[in-house]
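Colleague: With the sequence up front, the predicted model follows.
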Number of protein chains: 2
Amino acid sequence: MLKISKKADYALMALQHIASVQFGDVTPGRVVNTKEIAEEYNIPLELLAKVLQTLAKQGMIESHNGPKGGYLLGRSAREITIAQILESIEGPLGITDCSHEKQGEMCLQMEHCNIRTPLLKVQDSIYQLLNNMTLQDMLGGTPLITIQSATTQGVER
Amino acid sequence: MLKISKKADYALMALQHIASVQFGDVTPGRVVNTKEIAEEYNIPLELLAKVLQTLAKQGMIESHNGPKGGYLLGRSAREITIAQILESIEGPLGITDCSHEKQGEMCLQMEHCNIRTPLLKVQDSIYQLLNNMTLQDMLGGTPLITIQSATTQGVER
DNA sequence: TGATCGGAGATCATTATAGTCTCCGACTTG
DNA sequence: CAAGTCGGAGACTATAATGATCTCCGATCA
């Protein structure tokens, strides 16, 4: 059903959170740790950790080790597109199996496939859609982090 | 990775095939049976049968029983959109889990979800994209059925 | 009336996803 | 400089979605 994975969902939430902390009015420039995000959005801590690690590898965010460590955006929210985020987590996105076929593997339908061309068009349109929307665009409007999220830090669950 | 399922793939191929037989130059109006499509595109016969049955239930195609039976388009290719086809097979399509939530089930992130609104926008755009493209649009350009497909009918494998 | 077709259900296999557990190494801070 | 806090990384398990198969039925038409 064209669904995006939970992991990708988590990635979007986390990035949105990090961005809104970093550029928000409350505590701009503060690093955000995994635990804070996990608690705020009810995301399994260890799964979120994996997601953030992946995002860090891809350069979407910067990691800082040690106590008071955490994550910062790797670059401006304006330069991070939804497509990039999704691809960081899920790999190259394609509507069909044959979108990104390596040599050697070929779908059985290839020889007589009658829908490849139109589907690639659709895929292209979707990609452009996702690549034209940035993290910045996701910051407007929606209720951002609550003040609470800043204060719950360090509070035992 | 935003992939559409094999079943949906098969549905698209089958409908494209049926449409191009029905409105093609070779044997216009001919009914097409499951076996013919399965062989032409290397689709597992019984799986394809299921797909076609589903499409028939949704009114996308008309079924005709008995010998010389098979399928015909349920309505004009111009009135069948990609979105309709996909939804016939996969159910209502949604980018996120919360797209079509019934009462009672709610994602854990709901209360503080910061990406719901922008994602719903994205979803809407994708839906429109798919709903503006019809089966008719898929008929142009691509190499349609081979003459062979008409002649292989009734020939033992 | 029997061969050929679709209709329908149960069932199995495979894969992708989601989530967990464990250990490690880096760093800050007191 | 040692302790505690953080991210890094891998193996691992569970569960759900998907893909595929099997079997039996009823309709139809030559």
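Modeller: Perfect, I can see it now. From a predicted model like this one, the values you see are computed outputs, not experimental measurements. Residues are numbered from 1 along each chain as shown, chains lettered A, B, ... in the order given.

Colleague: which residue ranges form the helices in chain A?
Modeller: For chain A, the helices defined by DSSP state H cover A:6-22, A:34-41, A:45-57, A:82-90, A:116-131, A:135-139, A:147-151.

Colleague: Present these as JSON lines; the columns should include mean pLDDT.
Modeller: Listed next are the helices of chain A as JSON lines, based on pLDDT from 0 to 100:
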{"stretch": "helix A:6-22", "mean pLDDT": "95"}
{"stretch": "helix A:34-41", "mean pLDDT": "94"}
{"stretch": "helix A:45-57", "mean pLDDT": "96"}
{"stretch": "helix A:82-90", "mean pLDDT": "95"}
{"stretch": "helix A:116-131", "mean pLDDT": "94"}
{"stretch": "helix A:135-139", "mean pLDDT": "93"}
{"stretch": "helix A:147-151", "mean pLDDT": "29"}
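
Colleague: Minimum distance to DNA strand C: which of these has it?
Modeller: Across the helices of chain A, DNA strand C has its closest neighbour in helix A:6-22 (3.0 Å, Cβ to the nearest atom of the strand). Quick note: C-beta positions are derived from backbone N, CA and C, even for glycine.

Colleague: just to revisit the earlier point, looking at the helices of chain A, spot the one closest to residue B:26.
Modeller: helix A:116-131 (21.0 Å; Cβ to Cβ).

Colleague: ok, back up a step: deepest of the helices of chain A, which one?
Modeller: helix A:6-22 (a mean of 23; mean count of other Cβ atoms under 10 Å in any protein chain shown).

Colleague: residues contacting the closest residue in space to residue A:132 that isn't next to it in sequence?
Modeller: Nearest residue to residue A:132, sequence neighbours excluded (Cβ to Cβ, 6 or more residues apart in numbering or on different chains): residue A:81, at 7.2 Å. Listed by Cβ atoms under 8 Å, 6 or more residues apart in numbering or on different chains, the contact partners of residue A:81 are A:130, A:131, A:132, A:133, A:134, A:135.

Colleague: partners of residue A:81 in the sheet?
Modeller: residue A:134 (DSSP bridges).

Colleague: Report the separation between it and residue A:128.
Modeller: Noted for residue A:81: a distance of 10 Å to residue A:128, by Cβ to Cβ, to the nearest Å.

Colleague: what about stretch A:81-98, how long is it end to end?
Modeller: End-to-end distance for stretch A:81-98: 24 Å, by Cα to Cα, to the nearest Å.

Colleague: swap that for stretch A:31-51, sorry
Modeller: 17 Å.

Colleague: what does stretch A:29-49 give?
Modeller: First-to-last distance for stretch A:29-49 - Cα to Cα - comes to 21 Å.

Colleague: Any residue of that stretch touching DNA strand D?
Modeller: Yes. Judged by Cβ under 7 Å from any atom of the strand, stretch A:29-49 and DNA strand D are in contact via A:33, A:34, A:35, A:46, A:49.

Colleague: got the contact list for the second one?
Modeller: To tie it back to what came earlier, the one meant is residue A:34. With the criterion set at Cβ under 8 Å, 6+ apart, residue A:34 makes contact with A:45, A:48, A:49, A:52, A:70, A:71.
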